[in-house]
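**Q** I'd like to go over a predicted model; first the sequence, then the structure.
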Amino acid sequence: MRLLRLDEDGGKFAPHLAFSIISDRKEENIMPEIRQLDKHVSELIAAGEVVERPASVAKELLENAIDAGASAIVAEVENGGLTYLRITDNGCGIAPQQIPVAFLRHATSKLRKAEDLSAIGTLGFRGEALAAISAVSHVDIFSRERGATEGAMLHLDGGVPGEVIPTGCPEGTTICVRDLFYNTPARMKFMKKDSAEAAAVAGIVTHLALSHPDISFKLLRDGQETLHTPGDGKLLSAIYAAMGRDFALSLVPVSGCGGEVRAEGFVTKPLAGHGSRGKQVFFVNGRFVKSQLLTAALEEAYRNRLLKGKFPGCVLHITLPVGGVDVNVHPAKTVVKFVSDKQVFDAVYYTVLDALDAENKPAPGKEEKPFYQTMTAQEYKAKAPVEQPKKPVGSYTVKTVVPSAQPIHVHDVAPQPKQTFTAPAPDAKKNYVITPPEPVAEKPVQVELPVPVQETIEPKREIPWRIAGEVLKTYIICEDENDTVWLIDKHAAHERIRFDKLKASREVLMAQTLLTPVAVDLDADEYDAVLGNLPLLQEFAFACEDFGGGTVLVRQVPADIRAEDTAATLEELAHKLVLGRADPEAARDELLHTMACKSAIKAGMISDVSELAALVEKVQSGEIQYCPHGRPVKYKLTKYEIEKFFKRA
Ligand code: ADP
Ligand code: MG
């Protein structure tokens, strides 16, 4: 690399001509004389822009090391980096005669012309970091080019260089920054406690480590190693080392693209929600960014899966053509502007959604084996015939599974003859037969084509679980063939089933006409919202009409809602319509929540054992894991946990 100062043209776009207004003119109405600040003062001002705190020094030096092609980088800080900050890399090094040039303002080997700005590939590009850092500290640099027989060192005080001295040193570059802000006491006053500054440095190292899994990063705080990534090229290894074991174990991989936008990385499983957004880490073209758009796309994918007040975590790398993003919006370079927000949003949203859907389906060979062919709502929609026969189906009825006995011993279920299912689509040419599986029940039942409407549970195989009973009229206790005990929340599970079905439009809601129409008084907003959404409400089997003066008359409600719940349900729907005005898709989901919740069996209700069996079936097949509000539907107790408690294990 050869270092050059930016030429006249290249210098123009860097806003570093600082002017001072000399106000010693007595005459009023005359503009005071404008003079250029002397070099030292303007350098200190410029330094302030780049060097805000130790973490910003660390960031610039680490980015230089990355740009230099290092495969291993060590950062050491003492007193939060204020008295001592040293970065060592094994990168390309700097030739001895170039070392002083690197400390001149606008000296860079990375950018030559203004046009280069629009296609910035390297992390640093303004050629001022070393100048700015050295202006406010004492710096020692040691560097040796790859393959050179010896290296050189240089000492600078407040930006004033000494002699370049030939010296023996390892290949690569070491820059040691001491007594930061020793000559700018005003800046010093803004520094936080050492621990806060050290934490900020650690944050920088973490982000860089996550964006460069192929580089080994090590951080030493006051002599203690606090982070060390292997640099094996695997993002998950870097996450494990930088963000901890628990976080790494709670992740599912994400990979996909929409148009030219690619999203890759890991997101947390829905049950591992976090109390804040602190564990959301995004990179755009390798650069750590903060972006409301990316956060929104991520969180949207967790809608209906995550507990209220919980946030997903992630380490996501977004890549797109350099022309599709502007990184030069903010001096700290953490804010980016996308040329197409929608394209980026969709790429992230759908990629994460797919990953979460895939995670929902237990993979063969896992401890929880798939007993049935299952489909997500999305897959269902993709595979189902275009003309879906809309066959009204009441609340789920899979009562053939278990005849009656209680508790249900699955091995007692008598084998039944082959059962033939007729594909409901009018154009489906064949009936297809599900053959009873061989004695081993864990194999997924092979169904050649999706059966869109029929809710089919293969009744003949041995079901590898049994219901031991129900407690508190809410929780089903169930035991599986691996000696694992499950507690299943029947309302949450049923709500989820209802929600998925409604969402996939698999079910047309049956309506009941009320004997006496119910008049519901609403506030002005809700009244407006209801009258503005009559067709949508009709889809949900509500027939309403304007009764005037803020009152709506309800003539018809969904069949599985109790007539006495009419007013409460409509009020809830109206409220959601008001909240969801800006986002009709979200409003629709909210309506589905209400409908699913109101029509699901309730905690506290007495349930038929076959109803419970059907719920357990769905839950144990892995088809559902969370209720639409993100609450878990099942709780697992292993034999070992139970035996440990009773001190048998
Ligand atoms: P920029 O990174 O924007 O070019 P800097 O002031 O950070 O500006 O660095 C100036 C130049 O010094 C770089 O362009 C690079 O050529 C050289 N340099 C800085 N740090 C290193 C390093 N660790 N290894 C090799 N070269 C370096
Ligand atoms: Mg730089």
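**A** Structure received. Here the structure is a predicted model, which means the values were calculated and not measured. Residues are numbered from 1 along each chain as shown. Ligands and ions are numbered 1, 2, ... in the order given.
**Q** what mean pLDDT does the longest helix anywhere in the chain have?
**A** Counting residues, the longest helix found in the chain (DSSP state H) is helix 341-360. What helix 341-360 shows for mean pLDDT is 90.
**Q** Return the set of buried residues in it.
**A** 343-345, 347-357, 359-360 (16 or more other Cβ atoms under 10 Å). Any C-beta I mention is one placed from the backbone N, CA and C, and that applies to glycine too.
**Q** Could I have the CA atoms of it written out in CSV?
**A** In CSV, the C-alpha atoms belonging to helix 341-360 read as follows (Å, rounded to 0.1, in the frame of the first residue of the first chain):
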residue,chain,number,x,y,z
ASP,A,341,-36.1,0.4,2.3
LYS,A,342,-38.8,-2.0,1.2
GLN,A,343,-36.5,-4.4,-0.5
VAL,A,344,-34.3,-4.5,2.6
PHE,A,345,-37.3,-4.9,5.0
ASP,A,346,-38.8,-7.7,2.9
ALA,A,347,-35.5,-9.6,2.6
VAL,A,348,-34.9,-9.6,6.4
TYR,A,349,-38.6,-10.2,7.3
TYR,A,350,-39.1,-13.2,5.0
THR,A,351,-35.7,-14.7,5.7
VAL,A,352,-36.2,-14.6,9.4
LEU,A,353,-39.8,-15.8,9.1
ASP,A,354,-38.7,-18.8,7.1
ALA,A,355,-36.0,-19.6,9.6
LEU,A,356,-38.6,-19.5,12.5
ASP,A,357,-41.0,-21.6,10.5
ALA,A,358,-38.3,-24.2,9.8
GLU,A,359,-37.4,-24.2,13.5
ASN,A,360,-41.0,-25.0,14.4
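**Q** circling back: ligand 1: which of the buried residues of helix 341-360 is nearest?
**A** Nearest to ligand 1 among the buried residues of helix 341-360, counting by Cβ to the nearest ligand atom, is residue 344 at 26.6 Å.
**Q** Nearest spatial neighbour of that closest one, chain-adjacent residues omitted?
**A** Excluding its sequence neighbours, the residue lying closest to residue 344 (Cβ to Cβ, 6 or more residues apart in numbering) is residue 338, at 4.8 Å.
**Q** now residue 251
**A** Closest to residue 251 by Cβ to Cβ, 6+ apart is residue 266, at 3.9 Å.
**Q** so what secondary structure elements neighbour the helix or strand hosting that neighbour?
**A** Taking DSSP states H and E as the criterion, the element that holds residue 266 is strand 261-268. Packing partners of strand 261-268 (3 or more Cβ pairs under 8 Å, 6 or more residues apart in numbering; DSSP states H and E): helix 235-243, strand 251-258, strand 314-319, helix 341-360.
**Q** okay, and for the stretch 201-350 of the chain, where does confidence drop off?
**A** The stretch 201-350 of the chain contains residues with pLDDT under 70 at 328-333.
**Q** and it, which residues reach ligand 2?
**A** The stretch 201-350 of the chain has no residues near ligand 2, with proximity defined as Cβ under 5 Å from the ion.
**Q** by how many degrees do the longest helix of the chain and strand 261-268 diverge?
**A** 40 degrees (axes from the mean of the first three to the mean of the last three Cα atoms, to 10 degrees).
**Q** got the angle for helix 341-360 vs strand 251-258?
**A** Going by the same axes, to 10 degrees, helix 341-360 makes 140 degrees with strand 251-258.
**Q** counting contacts, what elements does helix 341-360 pack onto?
**A** strand 251-258, strand 261-268, helix 292-301, strand 314-319, helix 377-383.
**Q** May I see these organised as TSV, with mean neighbour count and distance to ligand 1 added?
**A** Below are the helices and strands packed on helix 341-360 laid out as TSV (neighbours: other Cβ atoms under 10 Å; distance: least, Cβ to the nearest ligand atom, whole Å):
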stretch	mean neighbour count	distance to ligand 1
strand 251-258	18	30
strand 261-268	23	26
helix 292-301	19	26
strand 314-319	24	22
helix 377-383	14	45
